[in-house]
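Trainee: I need the structure of the sequence given here:
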Amino acid sequence: MSDSMEELDEKLLVSFNEQFATNQNHGQDIFIQFLSAILVVLIGYGYIYANTAQSADIWTVAHDDPKSLKDITSYALIDLFGAFIVSELILTLLATVVLNIGYSFRRDQLVIYKLRKKALGKRYQDTFGSASFDPRGQNLWDFLPEFNRMFFFGICVLQIFLLTSFFVALGRAYCWPGTAFASICLYITSIFPVGWTFWLYNNYYKKYYWVMSDSTKFWWRVSLAERTKKL
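Mentor: As a prediction, this is how the structure comes out:
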């Protein structure tokens, strides 16, 4: 019996070490890939932003020589808007990937936690502690693993920064869309990617809440106090 227990402990230790190494390598790969994507977004948007003058036209790119397509002196506002929207959508896509990875990790962590606890019984706490590898008990603000949470909120900060810079550029521009309807549509379209990112965050917490609490209650019937408390 003791030999089988020792064998089980050894297998669990090996699986733990393999999981730890996999998570470390996966985290490093994701960091490099995401950082590269974010740099491309910032460089592309920053270049057009820096080369859009206050006197920029809405549709027409300004050139030193009107008959030549070279030597651009200012991009049009529509070019700036296009670069902004593309950058925001790419950041939203990256945020979605981060959320999906973080949620999947928590879901798999719950399965592994239950299997280890069932296999070890009372000896589980001596090996893994009481809460270190338990994915439950997280609220709305910290349900993601720390690595994913850091990336997600970093992406949100970048999205808000780009949104602010775009509004500043529009406020300084001499040429402004004339009608109130056009201005409202422009503002709504500009804010949409940021709002969508935060909606995704809440939606993934909804999935986390259902999986961790085994709740069958409709999400809209769960109060805000219940969503943000420890499960």
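Trainee: and residue 199, how many neighbours?
Mentor: Other residues within reach of residue 199, judged by other Cβ atoms under 10 Å, total 10. Where C-beta positions appear, they are placed from N, C-alpha and C, glycine not excepted.
Trainee: my read: residue 64 touches residue 71, true?
Mentor: Yes. Under the criterion of Cβ atoms under 8 Å, residue 64 makes contact with residue 71 at 4.1 Å.
Trainee: for residue 60, which three-state class applies?
Mentor: coil (DSSP: H, G, I helix; E, B strand; the rest coil).
Trainee: that one is in contact with residue 77, isn't it?
Mentor: No. Between residue 60 and residue 77 there is no contact under Cβ under 8 Å: 9.7 Å.
Trainee: which one's more surrounded, the two?
Mentor: residue 77 (21 against 15).
Trainee: give me the nearest residue to the more buried one, chain neighbours excluded.
Mentor: residue 58 (4.9 Å; Cβ to Cβ, 6 or more residues apart in numbering).
Trainee: spit out the contact partners of the one you found.
Mentor: 76-78, 175, 177 (Cβ atoms under 8 Å, 6 or more residues apart in numbering).
Trainee: next one: it from residue 175, what distance?
Mentor: Per Cβ to Cβ, to the nearest Å, residue 58 is found 6 Å from residue 175.
Trainee: overlap of the contact sets of the two?
Mentor: residue 77.
Trainee: contacts only, for residue 62.
Mentor: Applying Cβ under 8 Å, 6+ apart, the residues contacting residue 62 are 53, 55-56, 72-76.
Trainee: taking those together, which two end up most distant?
Mentor: Longest distance between any two of these is 13.5 Å, between 55 and 72; criterion Cβ to Cβ.
Trainee: who's more crowded, these two?
Mentor: The residue with more neighbours, out of residue 55 and residue 72, is residue 72; 14 against 11, by other Cβ under 10 Å.
Trainee: any idea what that one is bridged to?
Mentor: residue 63 (DSSP bridges).
Trainee: residue 51 is in contact with that one, correct?
Mentor: Yes. Using Cβ under 8 Å, residue 72 makes contact with residue 51 at a distance of 6.7 Å.
Trainee: can you tell me the SS state at residue 55?
Mentor: Per three-state DSSP, residue 55 ends up coil.
Trainee: quick check: it touching residue 174?
Mentor: Yes. Taking Cβ under 8 Å as the definition, residue 55 is a contact partner of residue 174 at 5.3 Å.
Trainee: for this structure, what spans make up the helices?
Mentor: 2-50, 77-120, 124-128, 146-172, 180-213, 224-228 (DSSP state H).
Trainee: hmm, back to that, top of the contacts of residue 58 by neighbour count?
Mentor: Ranking those using other Cβ under 10 Å puts residue 77 first, with 21 neighbours.
Trainee: of the contacts of residue 62, which is the nearest to residue 209?
Mentor: Among the contacts of residue 62, and counting by Cβ to Cβ, the member closest to residue 209 is residue 75, at 44.9 Å.
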